[in-house]
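>>> give me a model of this one.
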Amino acid sequence: MFEDSVDPAMLRHHGDVDARPGMLDFAVNVQGLAPPAWLRERLAARLTDLGRYPGADDDRTARAAVATRHARTPDEVLLLAGAAEGFALLPRLRPRLAAVIHPSFTEPELALREAGVPVTRVLLERPYTMDPALVPDAADLVVVGNPTNPTSILHPAATLHALRRPGRLLVIDEAFADAVAGVGEPESLAGIAAPDVLVLRSLTKTWALAGLRCGYALGAPEVLARLAHGRPHWPLGTLQLEAVTATAEPAAVAESRRYAARIATDRAAMIERLAALGLDVHTPATGPFLLLRVPDGPLLRKRLADRCIAVRRADTFPGLGPDHLRLAVRGPAEVDRLVAALGEALW
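Now for the predicted structure:
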C-alpha cells in the first residue's frame, strides 16, 4: 500500500509527458535528437543479425567492454534494459527498510513501494547538501542520485562513502555521471569494487538512446546475481548489446568527455541568461539540467507551452513545489528562443 501522502501518479511522471511532438524540448534530458552517425552505423550493421537470438558472445563482449571502461571485472557488470530496469529489480534484494534521498528521480521509490518495501524519504532542503546523519540507521538500502536529478547537485565521493554501514547496500544512480565535466568522472563510485556499493548507469542521455533502453549495473557478483534472479532469457536484444559495447570503447568515452565539456559551457551561459531575467536558478549545477524556482510555475509552463516550448514540471519530485521547474541544458540557439519566450511570458 502507498502512504496517504504518496501519490503514485506523481512518482510515475517523466519529462516526456511535458513535451509534445514539434515543441522545443527543455523537458527531457536526452542530448540530441538521434545518436551520433558512427553509432547509428554500428547499430545498422547489426540489423541483418536480428533473425537470430542474441548470442552469449555478444553479452560477454558487452560486459567485458564495460568492465574495462570502469576497471572492473566482467562478473561485476549486469547489463540492463536502461537504468530504470535496475530500479525495477531493487525489490529482489529484499530490503527491510529503504531510504531514498530526495529531491531525486522517483523510479526507485516507485518500484520499492509497489513491491511492498517500506520506504522512508530523506528530504534535503536547499542547497540540497547531503547529511549522512539524516539517513536512519535502520535503513539497509539507501538510494541516492549523483549528480542528482533534478537539483544538478554533485555529492562528494567522501560523503557517499559516509553513507555506508555494515549490513547496508548503497545504491547510486549515476545516470548522468558521464555528463559531468572534469578529469575522469568526478565523484563517481563506478570504479569502486565493494560488496556494499551498487552503481547504476544509463546510456540514454548522452547517446540519445532513449528508444533503445540501454544501461548497466556495477556491483559485487553476489548482489548482481540476486538482482538478475528470475529475469527472462535474452533480457537485452542484439542492438542493445551492440550499443553498450560501442559506447564503452575508449573513443566513445573520449567523445563523451567532450560532450561533458560542451554541456558545462552551455550550462554556464544558460545560467547567466536566466539569472539576467531575474529567475532563481539553483547553483552550483553540474548535470545537463538546471533547477529553477519561478513565480507561478503552472501558469509559466502553460504560457511557454503556448509558445511551443516544453519545460519539466518539478513538483513531482518529493521536496519540491509547483513553482519549481527543471530545464535541460541546451545550446545558444535554443536558449535564445527560450529567453525570448520567457521575456514575453513572465510579464
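
>>> and Arg257, what's its pLDDT?
Turning to Arg257, the model gives it a pLDDT of 96.

>>> other SSEs contacting the helix or strand harbouring it?
Using DSSP states H and E, Arg257 sits in helix 250-276. Using 3 or more Cβ pairs under 8 Å, 6 or more residues apart in numbering; DSSP states H and E, the elements in contact with helix 250-276 are strand 280-281, strand 289-293, helix 332-345. The way it works is simple: take the backbone N, C-alpha and C, and place the C-beta from them, glycine included.

>>> centre of the chain to it, how far?
16 Å (Cα atoms, centre = their mean, to the nearest Å).

>>> just the buried residues of that helix, please?
For helix 250-276, burial by neighbour count (16 or more other Cβ atoms under 10 Å) applies to 252-253, 255-257, 259-260, 262-264, 266-267, 270-271, 273-274.

>>> what of stretch 283-298?
For stretch 283-298, burial by neighbour count (16+ other Cβ under 10 Å) applies to 285-294, 297.

>>> likewise for stretch 334-345?
Neighbour count says stretch 334-345 has 334-335, 338, 341-342, 345 buried, by 16+ other Cβ under 10 Å.

>>> let me see the mean pLDDT of that stretch.
96.

>>> what's the answer for stretch 67-87, then?
97.

>>> how long is that stretch end to end?
With Cα to Cα, to the nearest Å as the measure, the ends of stretch 67-87 fall 21 Å from one another.

>>> list the contacts of it.
59-60, 62-64, 66, 89, 107-108, 110-111, 173, 175, 190-191, 193, 200-202, 204, 213-221, 224, 227-228, 235-236, 240-241, 244, 248-249, 253 (Cβ atoms under 8 Å, 6 or more residues apart in numbering).

>>> for stretch 7-14, same thing?
Contacts for stretch 7-14 (Cβ under 8 Å, 6+ apart): 2, 106-107, 109-110, 113-114, 313, 315-316.

>>> one more: stretch 31-43?
Contacts for stretch 31-43 (Cβ under 8 Å, 6+ apart): 179, 205-209, 212, 239, 242-243, 246-247, 252, 255, 259, 263, 288.

>>> could I get the buried residue list for it?
31, 35-36, 39, 42-43.

>>> nearest to Asp323, of those?
Nearest to Asp323 among the buried residues of stretch 31-43 is Gln31, at 26.7 Å by Cβ to Cβ.

>>> roughly how far does that closest one sit from Ile172?
As defined by Cβ to Cβ, to the nearest Å, Gln31 lies at a distance of 21 Å from Ile172.

>>> same question, Leu274
Remark: distance between Leu274 and Ile172 (Cβ to Cβ) = 29 Å.

>>> return the distance of stretch 334-346 from the chain's centre.
Counting by Cα atoms, centre = their mean, stretch 334-346 comes out at 27 Å from the chain centroid.

>>> oh, that last question was meant for stretch 204-224, not what I typed.
In this view, stretch 204-224 has its centroid 10 Å away from the chain centroid, taken as Cα atoms, centre = their mean.

>>> mind exporting that stretch as PDB, just the C-alpha atoms?
Extracted C-alpha coordinates of stretch 204-224, given in PDB (Å, rounded to 0.1, in the frame of the first residue of the first chain):
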ATOM      1  CA  THR A 204      20.000   7.000 -22.700                       C
ATOM      2  CA  LYS A 205      21.000  10.600 -22.100                       C
ATOM      3  CA  THR A 206      24.500  11.200 -23.600                       C
ATOM      4  CA  TRP A 207      24.000   9.000 -26.600                       C
ATOM      5  CA  ALA A 208      20.300   9.800 -27.400                       C
ATOM      6  CA  LEU A 209      19.300   6.200 -27.000                       C
ATOM      7  CA  ALA A 210      16.000   6.600 -25.100                       C
ATOM      8  CA  GLY A 211      14.200   4.500 -27.600                       C
ATOM      9  CA  LEU A 212      16.600   1.600 -27.300                       C
ATOM     10  CA  ARG A 213      16.800   1.200 -23.500                       C
ATOM     11  CA  CYS A 214      20.400   0.500 -22.500                       C
ATOM     12  CA  GLY A 215      22.200   0.600 -19.200                       C
ATOM     13  CA  TYR A 216      24.100  -1.500 -16.700                       C
ATOM     14  CA  ALA A 217      24.800  -2.100 -13.100                       C
ATOM     15  CA  LEU A 218      28.200  -2.300 -11.400                       C
ATOM     16  CA  GLY A 219      28.500  -4.200  -8.200                       C
ATOM     17  CA  ALA A 220      29.500  -7.400  -6.400                       C
ATOM     18  CA  PRO A 221      28.800 -10.600  -8.300                       C
ATOM     19  CA  GLU A 222      26.600 -11.900  -5.500                       C
ATOM     20  CA  VAL A 223      24.500  -8.700  -5.400                       C
ATOM     21  CA  LEU A 224      24.100  -8.700  -9.200                       C
END
